[in-house]
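Colleague: Dropping the sequence and predicted coords here.
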Amino acid sequence: MRNAPSPEDHLEMYRRMCLVRELEEELGRLHKKGRTRGPIHRCDGQEAVGVGVTAALGLADKVTTTHRGHAVYIGKGMEPGPVVAEILGRATGACGGRAGHMLIADASLGMIGGNAIVGAGIPAATGMALSAQVRGTNEVAVTVFGDGASQTGICHEAMNMAGLWKLPVVFVLEHNHYGLTVPTEVQSAVDDFALRAPGYGMPVETVDGNDAVAVYRATADMADRARRGEGPGLIVANTYRVEGFSTSDMGGYQDPEVIAKWREHDPIRIAFDALEPTFGAERLTEMREAAAREIAEAFEAAFEAPFPTFAVDAASAPYTAAQN
Amino acid sequence: MAMMRYAEALNAALREEMQADPTVFLFGEDIGRYGGVFKVTKGLREEFGDLRVRDTPISEQALTAMAVTAAMTGTRPVLEIMYADFVPLTLDALVNQASIYEYIWNGQVTMPFVMRTQGGGGSGAGAQHSKSLDAMLAHIPGLKVVAPATPADAKGLLKAAIRDPGPVIVLEHKLLYNMRDEVPDDVVVPIGKAVVRREGTDVSLFATSKMVHEALAAAERLAGDGVSAEVVDLRSLRPLDLEAVVASVAKTHHAVVVNEGWRFCGYAAELSATIMDHAFDELDAPVARVTLPDMPIPYAETLESAMLPSAETIRRAALDTVR
Ligand SMILES: Cc1ncc(C[n+]2csc(CCOP(=O)(O)OP(=O)(O)O)c2C)c(N)n1
């Protein structure tokens, strides 16, 4: 089938989802021990969106993500080492410890970047698509954003211009059913976000967001259209936030039965089951274990890495480099 | 008098004003069922219902514009913007709408609208969740801006803000929500009145919000250095209690302005120029400023803590000024 990932590509998506899962679970454990700083937004249970979307893109393609972007970072090809070190605020982090987990970028991979202003990643990718159109390349830009972000005014303004100017941008709505503590039905006048697309003259596809292959296919399809100059597309990827909003979330507002149901519908298990006939359970289990080791090593290295040292940023400080 | 956390004091202010006036209503992200991410609105939805305590979509720009016109047409909305960093999204409603109508329509409308938000660094929340945008807000004629430093003032200033006929921005601080202190039962703190938190004779330290506590700690250290520092909590950034500022400078003849915002075009710049305009003859030294350096607020602990004003940086500025 045209837009299906090859078995090897699918296997690589599985490996990256395993990396993200191990990363998120370790962050959860470290938070309990008081060894993380600031709020951390875990994406375990939602790995198939970030990994599936980015697996369908090329190196030159650009992607923006949200405050919950770990799967996108790893999916777009970032190594766990610099991601983990950045989350722990070390000099060896992808951004030297300046960005923190919500704002990571690796421009060389087109990962520019995580964004903690809800909705802000949407016009950001749309602008990158505008750049691609002006430069006459066949790059696409993709933005992954939440159902909460899809309520912001700037989402609608960006989608309208993308539709109007046939910009090569793919909008991926990661529908995890909550915006912070507020469920979608308290935020949106409609529950089917696919209804939004016709208003901006774009096609839409709704997929099981826990099935990385479905996400990959939809993205590859929309990206192809965009590269052909046919304009933007919307993907609604249905998933669920099985952990709290962030490490500071006190919880208690989600239905435990619904969480349990979604935990059963696990993206890594779905990939495992699909890959097992081809590659065998043993190989897949080994890959999971290797991912766990890789993440453990990344944390070890980060904990041993130095903290960054402060200097006033001369470019931002107009008159003095030694204030205070 | 009761012992209360800063967040509880704000909650009490909201509850009392809602009980007293049925046109007071609250809206904002996560403020209803969850009671706010900083728990300031806890229990209010249960008490007042979801017509008056409303969870909203993530729509800061529209929410603020709606609060402005709701205020013009007979209600007293109190809008929570989760982080001051998101206030720039609301600026059209503040700069081009809320701040002008009362004047340009010659007093036909009033604007009893309150925006509550919180700012400040020190929690490792990164460049988009740590800013203090006092100066940007205080810049706009037609807006009032207050920044309580204590639980009593948090309650008293919020009550005054809700009763005020004009738009008032209440700047809370994320690291003060857990501070506990005595709160008088019937406290209402008039907007535009500073308070001297510690008397002194050698140098005046002017501050608001969390910086008041850093200034108090600096004053303690300065006492050990043989310098008597007076700490003035401005409480209200706009209108400024000019009289209290001038009186303190006339007493100590040295001024240090402390602000958690940036230096360039910042609140400390404004205040130091104001002191020179109104009390130049009283000064024995130039006004010193302690601010954030002009740069984005980084994430890593070593980077963030190095750039935030502290008791020590305030102490050093005061020593440089008096010597
Ligand atoms: C403009 C803005 N408003 C509010 C917030 C606080 N906030 C952070 S994440 C979030 C919810 C976002 O929901 P959604 O887009 O669905 O993403 P999810 O957390 O579910 O992945 C909110 C309200 C913010 N960061 N930016």
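Modeller: Received it, and whenever you're ready, just let me know what you need. Numbers count the residues shown, from 1 in each chain, chains lettered A, B, ... in the order given.

Colleague: all contacts plus neighbour counts: C-alpha atoms, from now on.
Modeller: Fine.

Colleague: for chain A, what are the nearby residues on the stretch 151-300 of chain B?
Modeller: Within the stretch 151-300 of chain B, the positions adjacent to chain A are B:Phe264, B:Arg289, B:Val290, B:Thr291, B:Leu292, B:Pro293, B:Asp294, B:Met295, B:Pro296, B:Pro298, B:Tyr299, B:Ala300 by Cα under 8 Å from any Cα of the partner chain.

Colleague: The last one against B:Gly124, yeah?
Modeller: In other words, B:Ala300. Yes: counting by Cα atoms under 8 Å, B:Ala300 sits close enough to B:Gly124 to count as a contact (6.9 Å).

Colleague: Give me the more crowded residue out of the two.
Modeller: In terms of neighbours (other Cα atoms under 10 Å in any protein chain shown), B:Ala300 is the more surrounded of B:Ala300 and B:Gly124; the figures are 29 against 22.

Colleague: How many residues are close by the residue nearest to A:Leu27 when sequence neighbours are not counted?
Modeller: Spatially, and ignoring its direct neighbours in sequence, A:Leu27 is nearest to A:Thr36 (7.5 Å; Cα to Cα, 6 or more residues apart in numbering or on different chains). The tally of other residues near A:Thr36 (other Cα under 10 Å) stands at 18.

Colleague: got it, and A:Pro183?
Modeller: The burial count assigned to A:Pro183 is 18, neighbours taken as other Cα under 10 Å.

Colleague: which residues touch the residue nearest to it when sequence neighbours are not counted?
Modeller: Taking Cα to Cα, 6+ apart, and ignoring the residues beside it in sequence, A:Pro183 has A:His177 as its nearest neighbour in space, at 5.8 Å. Listed by Cα atoms under 8 Å, 6 or more residues apart in numbering or on different chains, the contact partners of A:His177 are A:Asp147, A:Pro183, A:Thr184, A:Thr239, A:Tyr240, A:Arg241.

Colleague: can you map out the strands along chain A?
Modeller: According to DSSP state E, chain A carries its strands in the segments A:62-64, A:105-106, A:111-112, A:141-146, A:169-175, A:178-179, A:182-183, A:204-208, A:233-238.

Colleague: partner strands of the second one, parallel or antiparallel?
Modeller: In this case it means strand A:105-106. Strand pairing for strand A:105-106, using DSSP bridges, gives strand A:111-112 (antiparallel).

Colleague: one step back: the contacts of A:His177 in helices, which ones?
Modeller: With helices defined by DSSP state H, no entry of these lies inside them.

Colleague: Quick one: name the residues of the stretch 1-150 of chain A near the ligand.
Modeller: A:Arg68, A:Ala116, A:Ile117, A:Val118, A:Phe145, A:Gly146, A:Asp147, A:Gly148, A:Ala149 (Cα under 6 Å from any ligand atom).

Colleague: run the last query once more with 8 Å
Modeller: For the stretch 1-150 of chain A, the residues in contact with the ligand (Cα under 8 Å from any ligand atom) are A:41, A:43, A:66-68, A:116-120, A:145-150.

Colleague: Now rank these by neighbours and give me the top one.
Modeller: Greatest neighbour count in those, by other Cα under 10 Å, goes to A:Cys43: 29 neighbours.

Colleague: Run a quick neighbour tally on the closest residue to the ligand within the stretch 151-300 of chain A.
Modeller: Nearest to the ligand, among the residues of the stretch 151-300 of chain A, is A:Gly179, at 3.2 Å (Cα to the nearest ligand atom). Look at A:Gly179: counted by other Cα under 10 Å, it has 24 neighbours.

Colleague: Return the distance of it relative to chain B.
Modeller: For A:Gly179, the distance to chain B (Cα to the nearest Cα, to the nearest Å) stands at 8 Å.

Colleague: Thank you, goodbye.
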